[in-house]
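Asks: Sequence first, predicted coordinates after that:
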Amino acid sequence: MNEIRKLSELDEKQIEQSINVFVDGFYFTLSSFSKDREKLRKLFVNSFDTDMTYAYLQDGKALGFLGLATHQKRPTKLNETTFIKEFGGFSGKRLYKAASAAMEKPVAINPEDIFIDYIATSPEHRSKGIGKQLIEFIRNTLGHKHIELETYTKNTRAIAFYERLGFKAIRVKKSLMMRIKGFGNRIYMRWDAE
């Protein structure tokens with residue numbers, strides 16, 4: 001049985017699976033903090049608003065992850081103490097400051113819109129329709145008329161996927177740091193209900 005549920009409705013094992021999907025899905029980006037996946041899991045295990053994050057479950061196992069943001073709030077609230085514990089005093093504080101600036105600042109969208117902050121599928125279940133089902137869940141179940149998201153110009157596979165689902169590029173934000181890291185520029189895409 002396939003279903004999409006809030007993290008607040010999951011058991012501890014399903015939440016752990018969901019965090020693993022998130023870390024695996026965003027590892028390329030998160031590896032700038034650490035290459036140690038277990039350390040990354042520890043950073044995020046209690047960092048998500050469980051009413052703004054969802055898991056795609058197949059037979060009770062989390063295979064997809066979705067984090068939504070509004071114009072006022074992001075689904076992530078990092079814990080400085082955890083960063084200090086994992087990276088030490090100076091490095092932990094520095095990394096926490098950079099991560100919280102990037103992951104907690106509200107996104108610039110209209111109040112009636114929703115922003116897909118995170119969408120990921122477990123590596124062995126990619127290209128099997130899970131991402132599409134997560135987006136259809138937002139459209140059909142949550143009922144938002146406008147959905148925005150961000151990806152990178154070098155991620156042509158993601159851009160093509162979103163375009164197939166009716167998203168259109170609305171702006172590109174140049175980012176020297178992201179280009180240096182190999183991502184390209186940020187591209188913002190939007191879907192509007194007809």
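Replies: Everything's here; your move.
Asks: Point out the other helices and strands that the longest helix along the chain packs with.
Replies: As assigned by DSSP state H, the longest helix anywhere in the chain is helix 89-104. Packing partners of helix 89-104 (3 or more C-beta pairs under 8 Å, 6 or more residues apart in numbering; DSSP states H and E): helix 80-87. Any C-beta I mention is one placed from the backbone N, CA and C, and that applies to glycine too.
Asks: for the helix it packs on, packing partners?
Replies: On a contact count with 3+ C-beta pairs under 8 Å, 6+ apart, helix 80-87 meets helix 37-44, helix 89-104.
Asks: ok, now how distant is Phe115 from Leu142?
Replies: Note on Phe115: its distance to Leu142, by C-beta to C-beta, to the nearest Å, is 12 Å.
Asks: my bad, Ala55
Replies: Distance, Ala55 to Leu142, by C-beta to C-beta: 15 Å.
Asks: When those two are compared, which one has more neighbours?
Replies: Ala55 (25 against 11; other C-beta atoms under 10 Å).
Asks: how much space between that one and Phe183?
Replies: Per C-beta to C-beta, Ala55 is found 26 Å from Phe183.
Asks: excluding its backbone neighbours, what's nearest the most centrally placed residue in the chain?
Replies: In the chain, the centroid-proximal residue (C-alpha atoms, centre = their mean) is Tyr118; its distance is 1.5 Å. Once flanking residues are discounted, Tyr118 sits nearest to Gly67: 3.6 Å by C-beta to C-beta, 6 or more residues apart in numbering.
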